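> Here is a sequence with its predicted model. Questions after.
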Amino acid sequence: MQLQVALDVLDLPSALTLANQVSEHVDILELGTPLVKSAGIAAVSAIKAAHPDKLVFADLKTADAGELEAGLAFEAGADLVTVMGTVDDDTIRGAVAAGRKYGKQVVADMIGVVDGRVARIREVAKLGVSFVEIHAGLDEQARPGYSIQQLLEDGRLAGVPFSIAGGVKVDTIGAVREAGAVVAVAGGAIYNATDPGAAAAELKKHATR
Ligand SMILES: O=C(CO)[C@H](O)[C@H](O)COP(=O)(O)O
């Protein structure tokens, strides 16, 4: 299973610093949505230039004009982009068309889908995305009683390639791997750590065990 770090910081210098601290332990460097909104699409080019050996993931969370937005990120150097799993199928198809044009990958982000999630995961998988991100966002995670377990259960049931995002930590990443995820996404568990490099190394150990 690959490990993806979400660089959920708000400016490019902080993102470059964090990427330098963790890159040797991760497979995918994700520019979080707030970073792209704050620093712009040029931040994708800067991270790719600093880490050409890593996959760069632009978490655009595109909701419309899929081909146009995905194309912007691919043109800037992204290897993967996200499109929302809830949006019009043609938006997802458009992003996939851009992926084919650039030889890059599109990921459908299922944030906000709870009821009927397995059925929608199977539908979007048929639209040509590389994998589906089963995701509980930061707001959902903040609610009392949140557990990552339902994400894992839906991943097992869906029967298509999936990643998991939603507060992945050292004590849950083993279960993410056992559920069959192709990628585990970790943001807070890395960027909130006193030593982000050590935190990423520990997660990577559990991701590949
Ligand atoms: O996309 C995101 C929020 O929308 C985050 O980047 C993703 O949830 C990973 O961060 P964390 O591990 O802190 O949940």
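Thanks, I have the structure now. Numbering: from 1, shown residues only.
> so what's the residue most central in space within the chain bridging to?
Central residue of the chain (C-alpha atoms, centre = their mean): V185, 5.8 Å from the mean position. In this entry, V185 is beta-bridged to Q4, A165, by DSSP bridges.
> isn't it right next to M1, touching?
No: contact criterion C-beta atoms under 8 Å: V185 and M1 do not qualify, at 10.9 Å. (Each C-beta comes from the backbone N, C-alpha and C, glycine too.)
> what does the protein put close to the ligand?
The chain has residues 6, 8, 32, 59, 111, 137-138, 141, 165-168, 185-189 near the ligand, with proximity defined as C-beta under 6 Å from any ligand atom.
> measure H25 to T86 for me?
Per C-beta to C-beta, to the nearest Å, H25 is found 32 Å from T86.
> Which one's more surrounded, the two?
In this view H25 and T86 are compared by other C-beta atoms under 10 Å, and H25 has more residues nearby, 20 against 16.
> quick one: contacts for the residue nearest to that one when sequence neighbours are not counted?
Spatially, and ignoring its direct neighbours in sequence, H25 is nearest to A200 (3.9 Å; C-beta to C-beta, 6 or more residues apart in numbering). For A200, the contact set (C-beta atoms under 8 Å, 6 or more residues apart in numbering) comprises L3, V5, Q21, V22, H25, V26, A186, I190.
> How confident was the prediction at the residue lying closest to A39 once chain neighbours are set aside?
Computed as C-beta to C-beta, 6+ apart, the closest residue to A39 that is not its neighbour in sequence is L12, at 4.6 Å. In this model, L12 is scored at 98, pLDDT.
> contacting residues around whatever residue of the chain ends up closest to the ligand?
Of all residues in the chain, G187 sits closest to the ligand, at 2.5 Å by C-beta to the nearest ligand atom. Counting by C-beta under 8 Å, 6+ apart, G187 touches V5, A6, D8, E30, G32, A165.
> from the residues you listed, which is closest to F74?
Relative to F74, the closest of the contacts of G187 is E30; by C-beta to C-beta it sits at 15.2 Å.
> where's V44 relative to L35, distance?
Taken as C-beta to C-beta, the span from V44 to L35 is 9 Å.
> cool, and G128?
27 Å.
> do the same with L68
Distance from L68 to L35, by C-beta to C-beta: 20 Å.
> between these two, which one's more packed in?
A count of neighbours by other C-beta under 10 Å puts L35 above the other of L68 and L35, at 25 against 12.
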